[in-house]
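A.B. asks: Mind folding the following:
(one chain, ligands or ions: 3)
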Amino acid sequence: MYKCKICGNELNIIMSFGKMPIANGFISSISDDEFLYDLILCFCPNCFMVQLGETVKPQMMFNDNYHFISSTSKVMAEHFEDMAKEIIDHVSDKKSPFVVEIGCNDGIMLKHIAAQKIKQIGIEPSKNVAQLAKEKGINVIEEFFNLNTAEKIIRDYGKADVICGANVFCHIEDLNSLFAGINLLLKDNGILFFEDPYLLDIIEKTSFDQIYDEHVYYFSGLSISELARRHNMQLADMAHQDVHGGSMRYYIKKDGLGAITDRAKECLSQEKAFGLQKIESYLDFKDKVDRICQDLKTTLAKIKQESNRIAGYGATSKSTTLLNYAQIGPDIIDYISDITPTKINKYTPGTHIPIRSHEFFTADNPPYTLLFAWNHKEEILKKEKEYRKRGGKFITYFPQVSIE
Ligand code: SAH
Ligand code: TMP
Ligand code: ZN
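C.D. replies: Residues are numbered from 1 along each chain as shown. Ligands and ions are numbered 1, 2, ... in the order given. Model prediction:
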């Protein structure tokens with residue numbers, strides 16, 4: 001039986017995906033000793049936090065060989081430039097503002113803050129991506145953020161006006177230590193804001209491939225306001241973001257610093273109306289997942305028989321869940337095209353599909369391509385106009401399998 005990592009209550013199991021390898025664990029050569037863990041999605045009926053039952057040690061996922069580089073997407077680069085503008089606006093009336101970003105990766109956001117000569121620190125434990133951030137002139141502490149790191153930052157730099165993080169809070173298993181550290185590091189009138197894939201989008205769209213080792217938590221306004229409350233803080237605002245298939249940005253302040261906004265109240269009532277606070281609302285999730293996987297496998301088998309060639313696009317961490325759960329391997333997908341240099345010529349975790357460069361994909365011109373990076377669909381369809389003009393077709397699978 002699994003216990004809630006926030007409140008200790010017994011968890012309800014939503015679904016089990018069976019054994020999984022590390023989602024970003026692309027391998028150089030095929031071997032059968034890959035590390036596997038049980039991927040189990042659970043719900044806490046007490047504090048409403050959706051979370052993994054079993055977790056993987058952070059050092060196994062975030063180290064000096066981390067494969068996710070934020071700046072590979074132009075759309076995300078623009079998104080984070082906007083986020084930086086919001087932060088700069090927020091601190092514009094402060095004398096010598098201090099901004100801390102948790103999980104700054106290659107500096108995609110913080111470089112805009114550094115460019116304004118605003119005092120900033122990025123906390124980034126994955127050394128290879130931390131190096132990319134440093135090359136952009138960002139101050140980086142190469143550690144996992146927790147209560148100890150917060151104490152060290154206060155000692156060396158003082159307290160922060162803004163603490164932020166994108167697609168990282170959901171990675172941090174010890175959220176209680178994270179929030180205790182933030183509460184200590186944040187000035188009394190400071191603001192915390194962070195964004196992560198949004199639970200309501202995941203459940204409504206059945207985008208089950210968002211579920212993998214790095215994503216220990218699947219946040220909603222309901223669970224975040226409960227978590228903030230436990231740390232003498234309060235949810236002040238929420239803003240939905242279109243990126244990564246639907247994300248939510250949460251704004252948190254220390255207790256007693258004003259009322260919650262109307263748009264956040266509206267989000268919370270939508271969550272309640274959908275039933276994110278009740279286990280009953282999650283019970284058909286597995287059936288929906290299984291239906292998508294079955295439809296996709298049937299479609300791929302038919303295409304494979306007809307054309308004998310299917311490529312993949314984007315060796316995403318998400319694809320690890322889809323490929324391993326649906327058991328789609330190199331017998332169906334010939335290779336996956338990806339622009340991340342460190343992924344090229346490696347193999348997908350567990351299923352061992354080779355990864356090739358985008359140049360290889362363009363020269364090969366496969367008749368069908370399965371779009372794993374569906375969250376970057378608009379950007380990719382724009383980029384692949386020529387491929388589609390030549391007759392190439394993309395297969396997608398959310399909310400249902402379709403070919404376009
Ligand atoms: N903010 C970027 C990166 C997201 S990937 C973006 O949205 O694109 C998550 C990043 O957080 C990784 O680079 C990982 O190394 C880092 N990370 C993971 N755990 C962390 C922790 N406890 N403290 C700080 N950074 C962490
Ligand atoms: P993400 O879904 O976790 O952001 O990962 C996207 C992956 O897709 C990453 O490995 C980079 C790759 N990618 C491409 O190969 N081409 C593209 O145009 C884009 C946007 C992403
Ligand atoms: Zn709980």
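
A.B. asks: Report the contact partners of the nearest residue to residue 65 once chain neighbours are set aside.
C.D. replies: Nearest-residue entry for residue 65: residue 128, 6.3 Å, with adjacent residues in sequence omitted and distances by Cβ to Cβ, 6 or more residues apart in numbering. From N, CA and C alone the C-beta is placed, and that goes for glycine too. Applying Cβ atoms under 8 Å, 6 or more residues apart in numbering to residue 128 gives the contacts 64, 65, 66, 342.

A.B. asks: So the third one belongs to a helix, correct?
C.D. replies: No. Under the criterion used here (DSSP: H, G, I helix; E, B strand; the rest coil), residue 66 is coil, not part of a helix.

A.B. asks: thinking again about what came up before, helix or strand for the residue nearest to residue 65, just tell me which one.
C.D. replies: helix 127-134 (DSSP states H and E).

A.B. asks: How about that helix and ligand 1, any contact?
C.D. replies: Yes. Under the criterion of Cβ under 6 Å from any ligand atom, ligand 1 is reached by helix 127-134 at residue 129.

A.B. asks: Go through that helix and flag the buried ones.
C.D. replies: Buried residues in helix 127-134, counted by 16 or more other Cβ atoms under 10 Å: 129, 130, 132, 133, 134.

A.B. asks: among the helices and strands of the chain, which has the poorest mean pLDDT?
C.D. replies: helix 58-61 (a mean of 92; mean pLDDT, DSSP states H and E).

A.B. asks: where does the chain come near ligand 3, residue by residue?
C.D. replies: 4, 6, 7, 9, 44, 46, 47 (Cβ under 5 Å from the ion).

A.B. asks: ok, those residues vs residue 75, which is closest?
C.D. replies: Nearest to residue 75 among those: residue 6, at 32.1 Å, using Cβ to Cβ.

A.B. asks: Quick check, that closest one in contact with residue 224.
C.D. replies: No. Between residue 6 and residue 224 there is no contact under Cβ atoms under 8 Å: 10.5 Å.

A.B. asks: ok so, going back, and the helix holding residue 128, anywhere near ligand 2?
C.D. replies: No. Helix 127-134 does not reach ligand 2 (Cβ under 6 Å from any ligand atom); its nearest approach is 13.0 Å.

A.B. asks: How many neighbouring residues does residue 302 have?
C.D. replies: Around residue 302 there are 10 other residues, counting by other Cβ atoms under 10 Å.
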